[in-house]
Every structure is written in structure tokens, then in C-alpha cells.
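> Structure here, sequence nowhere to be found:
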């Protein structure tokens, strides 16, 4: 019988840590919600949730002394998943409310949603490429709520969604994965993806 995985949920004051915890807890993972690197070190995978504005989130990460820690863990190869704003924070920079440097872990920048406005509600995700980590959830509907997107180079894009046009909603660079939607709010499809991410990245 395999050991239960322990998930570290980064708590930096900007995010929906509780709903991410509930979703992962239902999947029978141990979860630690913390801003303490020593406690996060004792986990198998890190999740960085986030809601709100990019500049505020980066400011909070700096206030909690988590920027260098998260960069270091990513560079060491620890599995790391950013959700919604947490995905955008993986980028080099964002144009939301001016120009703000991100964690710089995946090339690209955060720009306004095509055509402006918001992308809210359910939308199907389409796999780009043939990475087996993402195959199970290809075509499933996930819940979105955002007005900016992570414009990453094609080689890092793993999922797209469509409104009038196609735009990236999933990225991967090795051990790092970002999802623009909210799998924790996406019912059975979201739980399937969370399980695939934890099991696939923690091999």
C-alpha cells in the first residue's frame, strides 16, 4: 500500500486556501496550510492558491518571506502547482495595475483577457500536446473566474480554453504546473485533475 501524500498549501493571506484544503482532503491527502518553510518542507508537493490582484499577491509573498523560498523549492525540483492567480504568479511579470515582477519560474507574462472583461463560469479545457499528466481531463469543464491570462510560450502550454478565440489556461515546466481555473470548485472534474497532478508529479 502506498504512503499517503502530504500536500503543502502556501498560506500568504491572499487566496482560497480553505477550499483547496477541502478538495484535497476529500481525496484523502494529508494537507498542511502554512507560511512556515519548515512545515512546507515536510510535504511532498506545494500548492499556491490565489485570488485577487497580482501586485497585492506578490507584496504578500514578500511580506511572508516566501518569494526566495518558493523559487528555491522550484529550482530544487519539488512538485509545485499554482492555481488561478497562483498560476499567474509563476510568470516573469504581470501588467495588472502597472508592471509587477512575478516569481519568474515559467517564461511569459500576465496580460488582460483577450478583448478585455472577465471570463467567468464553466468552460471546457483542451489538452495541447501529448503530456500524459493532462490526458485524463482533456475536454472536461472547469470553473473560471479571471480577467487576466498567463501568456506563456507555446512550448509551456498544456491546456487551452475558448470563448471567441483560444487562450492558455494550463502551463507546465518540468515539476511546475499552473492552472488558470479553479479545480477545487470544479466538482468531480476538478477532483480528478487534482488527483492526477498530485500522483503524477509526485512519482
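That came through fine. On a predicted model such as this, the values are computed, not experimentally measured, just so you know. Numbering: from 1, shown residues only.

> Could you list the buried residues of stretch 70-84?
70, 73, 74, 78, 79, 80, 81, 82, 83, 84 (16 or more other Cβ atoms under 10 Å). Any C-beta I mention is one placed from the backbone N, CA and C, and that applies to glycine too.

> Can you give me the neighbour number for residue 99?
10 (other Cβ atoms under 10 Å).

> which among the buried residues of stretch 70-84 gets closest to residue 91?
Nearest to residue 91 among those: residue 82, at 9.3 Å, using Cβ to Cβ.

> tell me the SS of the closest one?
The local conformation at residue 82, judged by DSSP: H, G, I helix; E, B strand; the rest coil, is strand.

> Next one: the closest residue to residue 124 other than its chain neighbours from residue 121, what distance?
Residue nearest to residue 124 in three dimensions, not counting chain neighbours: residue 141, with 5.1 Å by Cβ to Cβ, 6 or more residues apart in numbering. Going from residue 141 to residue 121 by Cβ to Cβ, to the nearest Å gives 9 Å.

> Contacts only, for residue 121.
Applying Cβ atoms under 8 Å, 6 or more residues apart in numbering to residue 121 gives the contacts 143, 144, 145.

> Could you give the bridge partners of the most centrally placed residue in the chain?
For the chain, residue 82 is the residue whose C-alpha lies nearest the centre (Cα atoms, centre = their mean; 2.0 Å). Beta-bridge pairing for residue 82 (DSSP bridges): residue 48, residue 178.
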